[in-house]
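[1] With the input below, show me the fold.
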Amino acid sequence: MFSMRRAGSGSERRALRLMRRALSFEGLRSGPGHIHIHGHRGARGILPENTIDGFRFTLDIGIRIIELDLLATSDGTPVVTHNPHLMPYSTRSENGNWLDGVGPRIVDSTPHALSKFDVGGLRPGTDYARRYPEQAFMSGIAIPNFDAVCDLINEPENRDAWLNVEIKSDPRHPENTPPVRDYVESVLAVIFDNGIDDRIILQSFDWRILHECARKAPDIPRSYLTYAPKPDAPMADNIYEESPWMDGLSLAAHDNNLPALIAAGGGQVWSPYHEDLNAEDLASARAKNLVVNVWTVNEPRDIDRMIDLNVDGIITDYPGRVQRQLLARGLTWQPDESLVSV
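    Modelled structure (predicted):
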């Protein structure tokens, strides 16, 4: 089982909460004059994704919620990276050469072996580099352990920051991750050891992960990521009858009402793809008391539509772009309006 090594006694935990300006869960909802911004993989459009440099930049510009991805290494250590393998479009070896093809699987690698790879830049000429032409090119940037991100948000100036943690898992490919029970326990161990369980959202497309989180840490909010079926979709959808992603839950049993299904499953947060969200479904989610955070919203017209809908959180590769759109509408991204000059 996970320990409370760094969390301290109950009285120490209460005192730490009083010291923080941390948002309560209720504070994650939008309110008069504000919508929250979640920096997707830090600020993927500007700095290398899922890196300490990217996370620090995002915090430094006033964003208080960082979205990141976790996988686990061969010894169960949670590390911050998105793909089950090292990818040739973003990975160089220790001698500076780009990978010739897909690299080692994360689950087959040790943290030490991963630390020798450089993930600080995008390979010129690749489709991925063309998608993010403004991303800075850096060198000497390693895949961080989850512990390192926890250290970052435990710095005194960041103790009001939250992490929106996506636990990567694909039920169709269980070979890429540890068994669900062990995997979830390893993530929770880091969270509790670092004493940040009151500043965490746990999210996943694989609802088996979320239901295991509910069993082991029921007080940590769980976010149900969804992607509806669509023609020529660039990634796997997860919402359909008998979907392995939904862990036995049925839309039909809830009159095809996705927010009702998520609420019945114990979710507190719904995180749909932004193009899948409409006003009717948002109203249904609000009726079920769900926080609604949309992903991944980068284009000004899409940002404006999410502002018009008044979602609770906008997950974006370009947090500065969303800041400017909010300011142009007389809004801000923090509940305390005094923090921003509008």
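[2] mind listing what residue 269 touches?
    The contact partners of residue 269, by CB atoms under 8 Å, 6 or more residues apart in numbering, come to 28, 201, 203, 221, 222, 223, 224, 290, 291, 292, 293. C-beta: built from backbone N, CA, C; applies to glycine.
[3] swap that for residue 311, sorry
    Contacts of residue 311 by CB under 8 Å, 6+ apart are 30, 35, 277, 282, 292, 293, 294.
[4] can you give me the helices in the stretch 51-200 of the chain?
    Shown for the stretch 51-200 of the chain, the helices assigned by DSSP state H, counting those that start in this stretch span residues 52-60, 111-114, 127-131, 146-153, 180-193.
[5] Tell me which of the ones you listed lies nearest to residue 67.
    Of all the helices of the stretch 51-200 of the chain, the one in closest proximity to residue 67, counting by CB to CB, is helix 52-60 (9.3 Å).
[6] That closest one vs helix 146-153, what angle?
    Angle, helix 52-60 to helix 146-153, by axes from the mean of the first three to the mean of the last three CA atoms, to 10 degrees: 30 degrees.
[7] Buried residues in helix 52-60, which are they?
    Neighbour-count burial for helix 52-60, counted by 16 or more other CB atoms under 10 Å, picks out 52, 53, 54, 55, 56, 57, 58, 59.
[8] Grab the most central residue of the chain for me.
    residue 67 (3.2 Å; CA atoms, centre = their mean).
[9] ok, now how distant is that one from residue 33?
    23 Å (CB to CB, to the nearest Å).
[10] ditto for residue 199
    Per CB to CB, residue 199 is found 23 Å from residue 33.
[11] Would you map the strands across this protein?
    36-40, 65-72, 78-80, 162-167, 200-204, 222-226, 269-272, 291-294, 313-316 (DSSP state E).
[12] So what's the residue count around residue 196?
    25 (other CB atoms under 10 Å).
[13] show me where pLDDT drops low in the stretch 101-250 of the chain?
    By pLDDT under 70, the stretch 101-250 of the chain has no low-scoring segment.
[14] ok so, going back, let me have the contacts of residue 311 in JSON lines, adding neighbour count as columns.
    Putting the contacts of residue 311 into JSON lines (neighbours: other CB atoms under 10 Å) gives the following:
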{"residue": "30", "neighbour count": "20"}
{"residue": "35", "neighbour count": "24"}
{"residue": "277", "neighbour count": "21"}
{"residue": "282", "neighbour count": "21"}
{"residue": "292", "neighbour count": "23"}
{"residue": "293", "neighbour count": "27"}
{"residue": "294", "neighbour count": "26"}
